[in-house]
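A.B. asks: Give the three-dimensional model of this entry:
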Amino acid sequence: MLSLGLPGAAVEVNRKMCNDVSSGGYDLKGPVLSPRSIGRVLAPAAASLEQMDIVADNVYLPAQHDGSRIDLSAFDRLRHLEVSACLLFGAGRGPVVSSGDDIWPCLPPALVKLTIAFDGDLGLFWSLAEMREHTRTGTFESQLWDRRLRKDGDGLRWLAELLRRVINGELGKQMRSIAVEEREVVDRDRNWALATWREPGGDRMQDLARAAAVDLEVLLRVPRSFRSEEFDNIEEAEFYGKPGTVSYNEEGQGPSNTASPASEAGMDDDW
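C.D. replies: Coordinates of the predicted model:
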């Protein structure tokens, strides 16, 4: 097993949590992040590795990214992979997935379990900063939840294609689990929670997952004040403080809990 954080120069910083306790973290500095180069460094282990984790827990990712992807297709013995989304899609302080992304050619061919971590400020449909700002203005449901997650749907097209490749036997014939996880970040303004999306992508995506015999899980960061019947559960992490301990308004003008519940309509995108 190989477990490592994203390589590169970093500056250690203290991050404030909701209860004003500090916790250490890192800002990646220095050269442009190059996933292709990281893959080349790891290549000598391709014939032997069976499990690998390469993520960026509690790291704020750099805005500079060379646009490349890590190529792990030669890792033919790798069964379990946990990888940062910035190595497969891109980086920056925002959503990194676009409609043209297909990651399956970059993945090991014999995977059993795949976990893709949206760490730092990265998000599948929205960044942490965007989610916070739209919650302050009361537009999270209309501008982010409804528009990006339901109407656009581009953030999951890559996942539908990956499942098709599993069904066709082109990738991970033994694949049993795919998890797409937006991760916790040590954050002073931690008025958000992690929610398990009950049926990610709607009926069509669920049909693909069943046909592939894959257990599919998607975790999203949502405002703590946001409620929807589409969530199986919302994870509360007491370590980061209780709801209401921090205002969304960083200028000290008082709290804002204006997000309204989401509607129950499914995604209509034609995958």
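
A.B. asks: And the nearest residue to Arg183 once chain neighbours are set aside, its phi and psi?
C.D. replies: Residue nearest to Arg183 in three dimensions, not counting chain neighbours: Asp119, with 4.6 Å by C-beta to C-beta, 6 or more residues apart in numbering. From N, CA and C alone the C-beta is placed, and that goes for glycine too. Torsion angles at Asp119 (phi, psi; degrees, to the nearest 10) stand at phi -100, psi 170.

A.B. asks: neighbours around Asp119, how many?
C.D. replies: Number of residues near Asp119 (other C-beta atoms under 10 Å) recorded here: 22.

A.B. asks: separation between it and Leu128?
C.D. replies: Going from Asp119 to Leu128 by C-beta to C-beta, to the nearest Å gives 10 Å.

A.B. asks: Spell out which residues are contacts of both of the two.
C.D. replies: Jointly contacting Asp119 and Leu128 under the rule C-beta atoms under 8 Å, 6 or more residues apart in numbering are Val185.

A.B. asks: Can I take it that Leu87 is in a strand?
C.D. replies: No: Leu87: not assigned to a strand; according to DSSP: H, G, I helix; E, B strand; the rest coil it is helix.

A.B. asks: Three-state assignment for Glu141, please.
C.D. replies: With three-state DSSP as the basis, Glu141 sits in helix.

A.B. asks: Local confidence estimate at the residue nearest to Arg183?
C.D. replies: On pLDDT, Asp119 comes in at 81.

A.B. asks: again with Leu28
C.D. replies: pLDDT, read off for Leu28, is 53.

A.B. asks: can you check Glu141 too?
C.D. replies: 88.

A.B. asks: next one: the one 4 residues further on
C.D. replies: Looking at Trp145, its pLDDT reads 85.

A.B. asks: Distance-wise, check it relative to Val180.
C.D. replies: Relative to Val180, Trp145 is positioned 17 Å away (C-beta to C-beta).

A.B. asks: ok, the two, which is more surrounded?
C.D. replies: Neighbours per residue, other C-beta under 10 Å: of Trp145 and Val180, the larger number sits with Trp145, 26 against 23.

A.B. asks: That one falls within a helix, correct?
C.D. replies: Yes: with three-state DSSP as the criterion, Trp145 is assigned to a helix.

A.B. asks: Distance-wise, check it relative to Ala209.
C.D. replies: When distance is defined by C-beta to C-beta, Trp145 is 22 Å away from Ala209.

A.B. asks: likewise Trp197?
C.D. replies: Trp197 is 12 Å from Ala209, where distance means C-beta to C-beta.

A.B. asks: Between those two, which has more neighbouring residues?
C.D. replies: More neighbours surround Ala209 than the other of Trp197 and Ala209, with 22 against 19 (other C-beta under 10 Å).

A.B. asks: quick one: the more buried one is in a strand?
C.D. replies: No: counting by three-state DSSP, Ala209 is not part of a strand but helix.
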